[in-house]
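> kindly return the folded structure for what I paste below:
(4 chains)
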Protein chains: 2
Amino acid sequence: MSCGSEYAPQLRSRGYRVTPQRMAILHVLCHAGGHLSPGDVYRKAKKELPNLTEPTVYRTLEFLAKNGLARLSQAGRGHLTYEIASNEHHHVVCRICGNEVEVKHAPLEILYRKLESTTGFLHIDSHLTFMGVCPDCQKTLKG
Amino acid sequence: MSCGSEYAPQLRSRGYRVTPQRMAILHVLCHAGGHLSPGDVYRKAKKELPNLTEPTVYRTLEFLAKNGLARLSQAGRGHLTYEIASNEHHHVVCRICGNEVEVKHAPLEILYRKLESTTGFLHIDSHLTFMGVCPDCQKTLKG
DNA sequence: AGTGTTGTTGTAAAAACTTGCAATAAGGAA
DNA sequence: TTCCTTATTGCAAGTTTTTACAACAACACT
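Below you'll find the predicted structure:
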C-alpha cells in the first residue's frame, strides 16, 4: 500500500472522505522528497489514476494545505508549489537568480508564538518563503 | 503629474528606462492604498494608457518587485498581489475564512538580520503573509 | 447488503498568466 | 537634432488555473 493510507484516519476523523484521488496525490507528494508544482502532481498522479483531472488536483492540493497535510510555498515566478507536511523547513529565495536555501524551522517558532499572542490567531505555522539577494548575486552586483 | 515620476530617477540611475507603461503602473500602485492583483492593475492603468497590454503589466510588476519599488504578497488562493513599496507591514491570513490582519514590520526585523547572518543572503525584507486560524473561526471549529 | 445523504469529482468553458519574437522607442553619442 | 543601440513593448498563441454545475461515490444508517 502507499504511504498515503497513513493519512486516511486523519481525514476520516475530521469528517472528510477518503478518495482514490486524495490518496494518489498524497502518495505522489510523499515520494517526491521536495516541492512539486500542481502540474507535476497532476502528471505523476495521473499515471496511477488515469481518469484524474486537473481541477481535482488543484482543489485537492488546496484542501490538503488548508488541513495541514501539505505545505505550500511560492516558487520562482510566484507560482505555488506543494510538499508533504512532514518536512519542517522554510526557504530563502534569491530575488535575482532564484537560488534557494533551506532554513530550519526552529528559529521561526518564537516568531509564530509572538504573532499568535498579538493577533489572536492560532496555528500560525505556514511554510514561508523569504526573499533576499544571495552571495553570488551580491558579487555580480558589485562587479 | 503623477506620483510615479518620483520613481523615475531611481530607475534611470540603475540603468533602466523610464516608460509611460512603468509610470502608469507605479501611479496606479501609488494611489491604490493597498494590494492589487495584476488584473486590477491592468484594468486601472489601461484607463490612463489604453494601448497597455497584459503581458506588460505582469512583466512590469515582477520588474518593480525585483527592484524594490513594489512589494508582493500572496492573496487568498495563493495568487499574487502587489502594493507600492512604502507600506512596511505584513499580513496574517486566516486559512479558513481568508480574514486578514496587518502586522507591523518591526518585530520581523530581528528575524531578517538573523536569517541574513545564517544564510549569507542580503536585503531580506520581503512582504510576508503568514497563515493561521482567526478568532472567529476558532469559535466555529469549537461549536 | 441496500439505501439515502451530501461531500467530491469530472466536464466544459472561461479567466488568468506566460512565452517567443518582431516592432518600437528611450537614452546615449555624434 | 539625428542616428544607433538595445531595453522594452505589443502581438499572438500557448499553458496554467479557476469556475459552475451535474454526475458520482464514500460513508452512515438501517
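> and the strands in chain A, which stretches?
A:70-74, A:80-84, A:89-94, A:100-104, A:129-132 (DSSP state E).
> count residues in the vicinity of the residue lying closest to residue A:17 once chain neighbours are set aside, would you?
Nearest residue to residue A:17 in three dimensions, chain neighbours excluded: residue A:11, at 7.1 Å (CB to CB, 6 or more residues apart in numbering or on different chains). To be clear about C-beta, it is placed using only N, CA and C from the backbone, and glycine gets the same treatment. The local packing of residue A:11 (other CB atoms under 10 Å in any protein chain shown) involves 19 other residues.
> correct me if wrong: residue A:11 contacts residue A:19.
No: in this structure, residue A:11 is not within contact of residue A:19 by CB atoms under 8 Å, at 9.0 Å.
> okay, helices next: where are they in chain A?
Residue ranges of the helices in chain A, as given by DSSP state H, are A:8-13, A:20-32, A:38-48, A:54-66, A:106-119, A:135-142.
> got the residues of chain A near DNA strand C?
Proximity of chain A to DNA strand C, by CB under 7 Å from any atom of the strand, involves residues A:11, A:15-17, A:19, A:21-22, A:49, A:51-56, A:59-60, A:63, A:77-79.
> now with 10 Å, please.
Taking CB under 10 Å from any atom of the strand as the criterion, the neighbours of DNA strand C within chain A are A:11-12, A:14-25, A:45-46, A:49-60, A:63, A:67, A:75-79.
> interface residues of chain A facing DNA strand D?
Taking CB under 10 Å from any atom of the strand as the measure of proximity, chain A contacts DNA strand D at A:8-9, A:11-13, A:15-23, A:37-43, A:51, A:53-59, A:61-62, A:75, A:77-81.
> swap in 6 Å and give it another go.
Contacts of chain A with DNA strand D, taken as CB under 6 Å from any atom of the strand, map to A:12, A:17, A:18, A:19, A:20, A:37, A:38, A:39, A:54, A:55, A:58, A:79.
> so the first one sits against residue A:18, correct?
Yes: in this structure, residue A:12 sits in contact with residue A:18. The criterion is CB under 8 Å, and the distance is 5.9 Å.
> who has more neighbours, the two?
Shown here are residue A:12 and residue A:18; by other CB under 10 Å, residue A:18 has more neighbours (16 against 11).
> from residue A:33, how far out is that one?
Relative to residue A:33, residue A:18 is positioned 24 Å away (CB to CB, to the nearest Å).
> and for residue A:14, nearest residue in space, chain neighbours not counted?
Leaving aside its sequence neighbours, residue A:14 sits nearest to residue A:67 (CB to CB, 6+ apart; 7.0 Å).
> ok, the one you found - contacts?
Contacts for residue A:67 were tallied using CB atoms under 8 Å, 6 or more residues apart in numbering or on different chains; they are A:11, A:14, A:16.
> need the phi and psi values for it.
Main-chain torsions, residue A:67, degrees, to the nearest 10: phi -100, psi 10.
> so where's chain A uncertain?
A:1-5, A:74-78, A:86-143 (pLDDT under 70).
> go again using 50 as the cut-off
Of all residues in chain A, those with pLDDT under 50 make up the ranges A:1-2, A:127, A:141-143.
> so what's the residue count around the residue nearest to residue A:84 when sequence neighbours are not counted?
Distances taken as CB to CB, 6+ apart place residue A:29 nearest to residue A:84, at 4.4 Å, with adjacent residues excluded. As a burial measure, residue A:29 scores 29 neighbours (other CB under 10 Å).
> could you measure residue A:29 against residue B:56, distance?
Taken as CB to CB, the span from residue A:29 to residue B:56 is 36 Å.
> and residue A:69, by the same measure?
In terms of CB to CB, residue A:69 sits 39 Å off from residue B:56.
> over to residue A:51?
From residue A:51 to residue B:56 the distance is 40 Å (CB to CB).
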